[in-house]
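> sequence-free structure coming up:
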């Protein structure tokens with residue numbers, strides 16, 4: 001009977017005393033004169049299973065030579081463990097070497113630095129830390145899809161290649177089939193002769209296209225890769241990352257915040273319920289108190305406060321700020337940290353100054369602020385950002401002109417306001433930032449399989 005290790009851990013009473021077949025890798029191999037122990041892992045479960053063998057086996061000498069990292073097939077019986085440390089073990093009948101591994105295999109049973117493992121990124125999922133990180137990433141992704149599907153959202157696949165710059169920052173990777181050496185020699189870029197006949201780039205956000213589907217399906221979400229050509233080397237920035245971006249018709253800013261809070265609590269609880277081994281590992285070895293932090297978030301009522309009031313609180317604080325908080329300006333990391341500690345929990349900062357936000361955000365009465373919101377969470381700072389979108393055609397055109405955002409090429413976006421437009425809202429959440437928050441692993445390079453950062457595009 002061929003099984004996964006996970007099957008045995010979850011139904012050990014069912015398989016006890018039965019002969020089974022396992023296929024996987026040697027994590028560790030402890031040899032004695034007449035017997036040996038193999039820590040066996042097949043990737044289906046966080047905990048390894050102990051395989052026990054002795055010199056009664058015909059191939060005992062061959063088995064003793066099996067090296068760490070090797071792929072093997074094990075035929076044996078599930079029995080209650082005599083020794084401590086595990087409830088059961090595999091009493092070996094036969095072990096077959098499937099794929100050998102040399103002695104210079106980099107992932108030996110010892111503690112490796114995260115920096116070293118980034119250099120061996122193609123092997124790091126075989127370590128406890130990264131096995132846990134990427135399983136949590138998988139489970140969190142499933143939870144996101146499940147939440148939206150259970151709440152009647154349509155999963156919208158936003159285009160990866162686009163002709164529109166949603167953020168208006170110009171930090172986009174260009175997509176071209178033009179011969180760049182010829183372009184350099186001529187000093188002229190003829191976009192009409194390029195593949196798409198115009199300038200194209202990798203998307204920074206699927207929001208604008210997402211709005212078009214929200215005004216047909218009412219509730220949609222995107223979940224896919226986005227790209228920023230931003231020369232930043234911080235722990236929280238990458239050039240390629242994944243974004244979750246819901247868009248909801250007939251929804252104002254308050255409704256947007258309701259969805260943000262409900263979705264985040266659902267995903268966090270789902271991960272805590274379904275990755276208990278991994279979360280205990282993170283709590284013990286990565287961030288002490290992580291589970292308590294996440295459980296507190298689930299049981300918190302998120303504070304909602306205007307940006308102007310936040311600045312007033314910061315100005316009154318008895319703190320020597322590195323960056324002085326100012327009305328009409330963005331807030332810094334130190335401010336985010338203070339405000340979540342001040343309210344002892346997650347905080348929605350809403351109604352931001354118009355001049356520091358994007359062109360598509362709904363203008364509030366008075367014309368100084370927009371219906372935008374950022375969610376700040378303890379220990380991580382900003383986790384989500386959203387807004388009610390401007391649904392007034394004339395106000396949107398005026399704002400685009402003020403910000404020098406060309407309407408050419410965005411006629412389709414403007415027409416959404418003409419053809420049955422309605423109030424609608426949405427938000428974005430960087431998936432890697434969520435994984436950082438869930439695991440306590442504080443560098444984005446360690447929560448994405450193969451990070452793309454400035455001067456780094458390995459694998």
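Right, received. Where do you want to start? Since this is a predicted model, take the numbers as computed values, not measurements. Numbering: from 1, shown residues only.

> can you count the residues close to residue 357?
Using other C-beta atoms under 10 Å, residue 357 has 18 neighbouring residues. For glycine as for every other residue, the C-beta is placed from the backbone atoms N, C-alpha and C.

> Residue 161 now?
Quick note: residue 161 (other C-beta under 10 Å) scores 11 neighbours.

> For it, list the residues it contacts.
By C-beta atoms under 8 Å, 6 or more residues apart in numbering, the residues touching residue 161 are 175, 196, 200, 201, 202, 203.

> now swap in residue 422 and tell me
215, 249, 250, 391.

> Look up phi and psi at the closest residue to residue 286 other than its chain neighbours.
Residue nearest to residue 286 in three dimensions, not counting chain neighbours: residue 440, with 4.2 Å by C-beta to C-beta, 6 or more residues apart in numbering. In terms of degrees, to the nearest 10, the main-chain angles of residue 440 are phi 80, psi -10.

> so where is the chain shaky, pLDDT-wise?
For the chain, the stretches with pLDDT under 70 are 166-170.

> Centroid-wise, who is the farthest residue in it?
residue 56 (49.1 Å; C-alpha atoms, centre = their mean).

> circling back to that earlier point, tell me which of the contacts of residue 422 fall in strands.
Among those, the ones falling in strands (DSSP state E) are residue 249.

> and which of the contacts of residue 422 is nearest residue 320?
residue 391 (43.4 Å; C-beta to C-beta).

> What is the neighbour count of the closest one?
Neighbourhood size, residue 391 [other C-beta under 10 Å]: 19.

> And for residue 455?
6.

> and the gap between it and residue 186?
Distance, residue 455 to residue 186, using C-beta to C-beta, to the nearest Å: 28 Å.

> bridging residues for residue 427?
Note on residue 427: beta-bridge partners by DSSP bridges are residue 386.

> What residues does it make contact with?
Residue 427 sits next to 245, 246, 256, 259, 260, 373, 384, 385, 386, 387 when contact means C-beta under 8 Å, 6+ apart.

> which of those has the most neighbours?
Counting by other C-beta under 10 Å, top hit in the contacts of residue 427: residue 246 with 29 neighbours.

> now that residue, which residues is it bridged with?
residue 221.

> That one reaches residue 217, doesn't it?
No: shown here, residue 246 and residue 217 do not form a contact pair, counting by C-beta atoms under 8 Å, at 11.4 Å.

> Which neighbours do these two have in common?
In contact with both residue 246 and residue 217: residue 153, using C-beta under 8 Å, 6+ apart.

> Include distance to residue 291 when you put the contacts of residue 427 into JSON lines, please.
Below are the contacts of residue 427 laid out as JSON lines (distance: C-beta to C-beta, whole Å):
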{"residue": "245", "distance to residue 291": "28"}
{"residue": "246", "distance to residue 291": "27"}
{"residue": "256", "distance to residue 291": "29"}
{"residue": "259", "distance to residue 291": "25"}
{"residue": "260", "distance to residue 291": "22"}
{"residue": "373", "distance to residue 291": "27"}
{"residue": "384", "distance to residue 291": "22"}
{"residue": "385", "distance to residue 291": "26"}
{"residue": "386", "distance to residue 291": "27"}
{"residue": "387", "distance to residue 291": "32"}
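
> Do a quick rundown of the strands in the stretch 251-400 of the chain.
Applying DSSP state E, counting those that start in this stretch to the stretch 251-400 of the chain gives strands spanning 303-306, 347-353, 369-377, 381-389.

> Tell me where the stretch 1-150 of the chain has strands.
Assigned strands in the stretch 1-150 of the chain, in chain order: 19-31, 35-41, 49-54, 71-80, 88-99 (criterion: DSSP E, counting those that start in this stretch).

> can I get the ones you listed in a markdown table with mean neighbour count and distance to residue 7?
Shown next, in a markdown table, are the strands of the stretch 1-150 of the chain (neighbours: other C-beta atoms under 10 Å; distance: least, C-beta to C-beta, whole Å):
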| stretch | mean neighbour count | distance to residue 7 |
| --- | --- | --- |
| strand 19-31 | 18 | 9 |
| strand 35-41 | 20 | 14 |
| strand 49-54 | 20 | 11 |
| strand 71-80 | 17 | 10 |
| strand 88-99 | 17 | 12 |
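
> and residue 298, which of these is closest to it?
Of the strands of the stretch 1-150 of the chain, nearest to residue 298 by C-beta to C-beta is strand 35-41, at 30.7 Å.

> For the closest one, which outside residues touch it?
5, 22, 24-30, 48-55, 63-64, 66, 72, 74, 90, 95, 109, 126.

> go on, stretch 309-328?
The contact list for stretch 309-328, computed with C-beta under 8 Å, 6+ apart, reads 308, 329, 331-332, 334-335, 338-339, 342, 349, 353, 355-356.

> Please spell out which residues along that stretch are buried.
Residues 310, 311, 314, 325 are the ones in stretch 309-328 that count as buried (16 or more other C-beta atoms under 10 Å).

> Distance to residue 287 added to those residues, as TSV?
Below are these laid out as TSV (distance: C-beta to C-beta, whole Å):
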residue	distance to residue 287
310	26
311	30
314	26
325	28
